[in-house]
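Novice: how would this look folded up:
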Amino acid sequence: MLDDGHAFPPVRLRAATLPGHIDRWPVGPRLAKLLKELRSRLNARIGHERDTQPWRRQLGLSAEDALAAGHSVPSVVNDIVHGALKTTLHTCVRAPTRTELMRARALPTTGSTDGLTWYGQLDAYWVAHYDVYRRLGLAHYRHEDADQLGLLAELARSTGWWWPGEGRCVMAERPTEIHTEPLPGAFHGELRLHRDDGPAVRFADGTRVHVMHGTHVPDWVITAPTVDRIHAETNIEVRRSAIERIGWGAYIEQAGLRPVATTGDPGSDLHLYDVPFLWAEQK
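Specialist: Numbers count the residues shown, from 1 in each chain. Got it, this is the predicted structure:
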């Protein structure tokens, strides 16, 4: 990460204030414009077909069964490749990792520095989306566009976050550890971050991200959950994760909760406890 203590000078870039000719733009916005134009050309080649309601969520079909049922090849590819990878990389991995890194390192963010942020390996979901069309012979790209896509694929294989600048390019190391579990209800191998005995993501410089079943949590939830810390926590998902970490039975006993009612069907009783404090009143 950025361990030298130097920060990018803050500037706010707006289209109206950029120089008229793209060659005079800063590197970040210039690269972003070129990338947007590349994706537009690639979308034109593949038809950019996207179902508003993906077939697998409607029917729960495998790829083979969906094709046999008459669903188009592009719709199946979009869901298996783009949809599945986006769920894993963009939603389940990038979001909690980005939150932790921004908090711990004050990393530069898009639109607030002299460079725009790219996500390296975590951009693989959209890079692979175009690449699989080429590999399957479903689309043929111009030579120049194929070369640019190849460079983006190489970046996804080689780096983590990266920031282009004038005469410099900051590239972050990829994590040394990533721990995951299957995403419940997934059809195509989607994963989410999870580890209940240590950090789900670890970087070589010691930066760590703690996640339980996809929920980004403070390190104390994993390393030292206590009833007092649980009662002081205002985030309901963090509280739930901490209780699950020590076990519901142990939590009820340690918190001294008093049972007030039991209901439910035989073998699946629901127990209601009196909670002697109000989380809703916490600030």
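
Novice: and for Arg135, the neighbour number?
Specialist: 10 (other Cβ atoms under 10 Å). Any C-beta I mention is one placed from the backbone N, CA and C, and that applies to glycine too.

Novice: and the pLDDT for it?
Specialist: The confidence metric pLDDT takes the value 91 at Arg135.

Novice: quick one: it from Arg195, how far?
Specialist: Distance of Arg135 to Arg195, computed by Cβ to Cβ, to the nearest Å: 33 Å.

Novice: now swap in Glu181 and tell me
Specialist: Taking Cβ to Cβ, one finds Glu181 at 9 Å from Arg195.

Novice: give me the more crowded residue out of these two.
Specialist: Between Glu181 and Arg195, counted using other Cβ under 10 Å, the more crowded position is Arg195 (20 against 17).

Novice: let's verify the residue most central in space within the chain: helix, strand, or coil?
Specialist: Centroid-nearest residue in the chain, with Cα atoms, centre = their mean: Arg94, separated by 2.7 Å. When classified by DSSP: H, G, I helix; E, B strand; the rest coil, Arg94 comes out as helix.

Novice: for it, give me its contacts.
Specialist: Contact partners of Arg94, counting by Cβ atoms under 8 Å, 6 or more residues apart in numbering, are 119, 122.

Novice: got a pLDDT number for it?
Specialist: Reading off the model, Arg94 has pLDDT 91.

Novice: cool, and the one 4 residues further on?
Specialist: pLDDT, Arg98: 87.

Novice: and what of the one 5 residues further on?
Specialist: Looking at Arg103, its pLDDT is 75.

Novice: give me the number of residues near it?
Specialist: By other Cβ under 10 Å, neighbour count at Arg103 equals 9.

Novice: output the contacting helices and strands for whatever helix or strand it lives in.
Specialist: Using DSSP states H and E, Arg103 falls within helix 95-105. The contact analysis (3 or more Cβ pairs under 8 Å, 6 or more residues apart in numbering; DSSP states H and E) places helix 95-105 against strand 201-202, strand 208-209, strand 215-216.

Novice: these: which one's closest to His143?
Specialist: Across the helices and strands packed on helix 95-105, His143 has its closest neighbour in strand 201-202 (37.8 Å, Cβ to Cβ).

Novice: report the mean confidence score over the closest one.
Specialist: 96.

Novice: what sits up against it?
Specialist: Residues outside strand 201-202 that contact it (Cβ under 8 Å, 6+ apart): 93, 96-97, 100, 175-179, 193, 208-209, 211.

Novice: now, among those, which is nearest to Trp163?
Specialist: Closest to Trp163 out of the contacts of strand 201-202 is Thr97 (16.1 Å), distances taken as Cβ to Cβ.

Novice: does that closest one touch Thr207 like I think?
Specialist: No - checked against Cβ atoms under 8 Å, the pair Thr97 and Thr207 is beyond contact range at 9.4 Å.

Novice: which of those two has more neighbours?
Specialist: Between Thr97 and Thr207, counting by other Cβ under 10 Å, Thr97 is the more crowded of the two (24 against 18).

Novice: max-length helix in the chain?
Specialist: In the chain, assigned by DSSP state H, the helix with the most residues is helix 27-46.

Novice: packing partners of that helix?
Specialist: Under the contact definition 3+ Cβ pairs under 8 Å, 6+ apart, helix 27-46 sits against helix 124-135, helix 143-158, strand 162-165.

Novice: Glu37: which of these is closest?
Specialist: Using Cβ to Cβ, the nearest of those to Glu37 is helix 143-158, at 9.7 Å.

Novice: let me see the mean pLDDT of the closest one.
Specialist: Mean per-residue pLDDT for helix 143-158: 95.

Novice: buried ones in that helix?
Specialist: For helix 143-158, the neighbour count (16 or more other Cβ atoms under 10 Å) marks 145, 148-149, 152-153, 155-156 as buried.

Novice: same check on stretch 200-208?
Specialist: Those would be 200-203, 207-208, for stretch 200-208 by 16+ other Cβ under 10 Å.

Novice: mind checking which helix or strand of the chain has the lowest mean pLDDT?
Specialist: The helix or strand of the chain with the lowest confidence, counting by mean pLDDT, DSSP states H and E, is helix 55-59 at a mean of 47.
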